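A.B. asks: predicted model and sequence below, questions to follow.
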Amino acid sequence: MTVQGKTVLVTGGTSGIGEAVARAYAAEGAEVVITGRSEERGRHIADSLTKEGARVRFIRADLANFDDVRRLADEVDRVDVLVNNVGRGISGPTHETDSDQFDSTYALNVKAPYFLTGAFAPRMAASGGGAIVNVSTMVASFGMPGMALYGSAKAALELLTKAWAAEYGPEGVRVNAVAPGPTRTPGTARMGERLDQLASTLPLGRPATAEEIANAVLFLGSDEASYINGAVVAVDGGRTAV
């Protein structure tokens, strides 16, 4: 993939899909900036990749906190590829959701990507173009019990993907999204057998690895995807086919 020499910002890059995305871009020669809440985990990933010859740095940020969103936008000057990966999936019945859970879910899954895109897209345009890749979920496009809050937040992100593609595309900034299906990560480990049960209903019949999702994110941020704009790419084992 043609990403060598590009600067890539991966939010939520300290575990799961985000870490796999950071490693994929680093392996292809990009300079990678990762964010996350855990200083220990972030430093460990950055140091391990640096020892392998990659150019990676870590910035601690809790993007549910808008002050950290603004600080990140100020601290990172130039970005060629922005990966809005950070997110939080709270599941449960609507009538058991409290206001704080609602606000924190939308702050992380919608507000942070919104304002980071607003900060970096004009800079990309001014420097000749760039790419933004948003990480959504398959439950943004269909109803699933217990997923009203998370699914609706990611559905908003998918609409923003299309709106930003129309808004910034004429200035050379492509905006796309990937919508993963069930993926085996540290964050989904708590699901136990339910992850495999959910994945068994898909045509491919298994969960994805984080690396499989990262490959799609890498492609959309690369020059090989130069004519793809405003797309939501399903990386869901065929869920959209049935």
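C.D. replies: Sure, I can see it.
A.B. asks: show me which residues of the longest helix along the chain are buried.
C.D. replies: Taking DSSP state H as the criterion, the chain has its longest helix at helix 148-168. Across helix 148-168, burial judged by 16 or more other C-beta atoms under 10 Å covers 148-158, 160-162, 164-165, 168. In this view, the C-beta of every residue, glycine as well, is placed from N, C-alpha and C.
A.B. asks: helices and strands around that helix, which ones?
C.D. replies: helix 99-106, helix 112-126, strand 130-135, strand 173-180, strand 232-235 (3 or more C-beta pairs under 8 Å, 6 or more residues apart in numbering; DSSP states H and E).
A.B. asks: save those as TSV, and put in mean neighbour count and distance to residue 8 too.
C.D. replies: Putting the helices and strands packed on helix 148-168 into TSV (neighbours: other C-beta atoms under 10 Å; distance: least, C-beta to C-beta, whole Å) gives the following:
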stretch	mean neighbour count	distance to residue 8
helix 99-106	14	25
helix 112-126	19	11
strand 130-135	27	9
strand 173-180	26	14
strand 232-235	19	18
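A.B. asks: in the helix or strand bottoming out on mean pLDDT in the chain, what counts as buried?
C.D. replies: Across the helices and strands of the chain, mean pLDDT, DSSP states H and E gives its lowest value to helix 193-199, namely a mean of 75. By 16+ other C-beta under 10 Å, the buried positions in helix 193-199 come out as 195, 198-199.
A.B. asks: please work out the average pLDDT along stretch 7-18.
C.D. replies: Throughout stretch 7-18, pLDDT has a mean value of 95.
A.B. asks: would you put the C-alpha positions of that stretch in PDB?
C.D. replies: This file holds the C-alpha atoms of stretch 7-18, laid out as PDB (Å, rounded to 0.1, in the frame of the first residue of the first chain):
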ATOM      1  CA  THR A   7       1.700  10.900   8.800                       C
ATOM      2  CA  VAL A   8      -1.200   8.900  10.200                       C
ATOM      3  CA  LEU A   9      -3.200   9.700  13.400                       C
ATOM      4  CA  VAL A  10      -5.000   6.700  14.900                       C
ATOM      5  CA  THR A  11      -7.300   7.400  17.700                       C
ATOM      6  CA  GLY A  12      -7.800   4.600  20.200                       C
ATOM      7  CA  GLY A  13      -4.600   3.100  18.900                       C
ATOM      8  CA  THR A  14      -3.500   1.300  22.100                       C
ATOM      9  CA  SER A  15      -5.500  -2.000  21.700                       C
ATOM     10  CA  GLY A  16      -7.700  -4.100  19.500                       C
ATOM     11  CA  ILE A  17      -8.500  -2.700  16.000                       C
ATOM     12  CA  GLY A  18      -6.800   0.600  16.700                       C
END
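A.B. asks: how distant is it from the center of its chain?
C.D. replies: Relative to its chain's centre, stretch 7-18 lies at 7 Å (C-alpha atoms, centre = their mean, to the nearest Å).
A.B. asks: now swap in stretch 94-106 and tell me
C.D. replies: Counting by C-alpha atoms, centre = their mean, stretch 94-106 comes out at 21 Å from the chain centroid.
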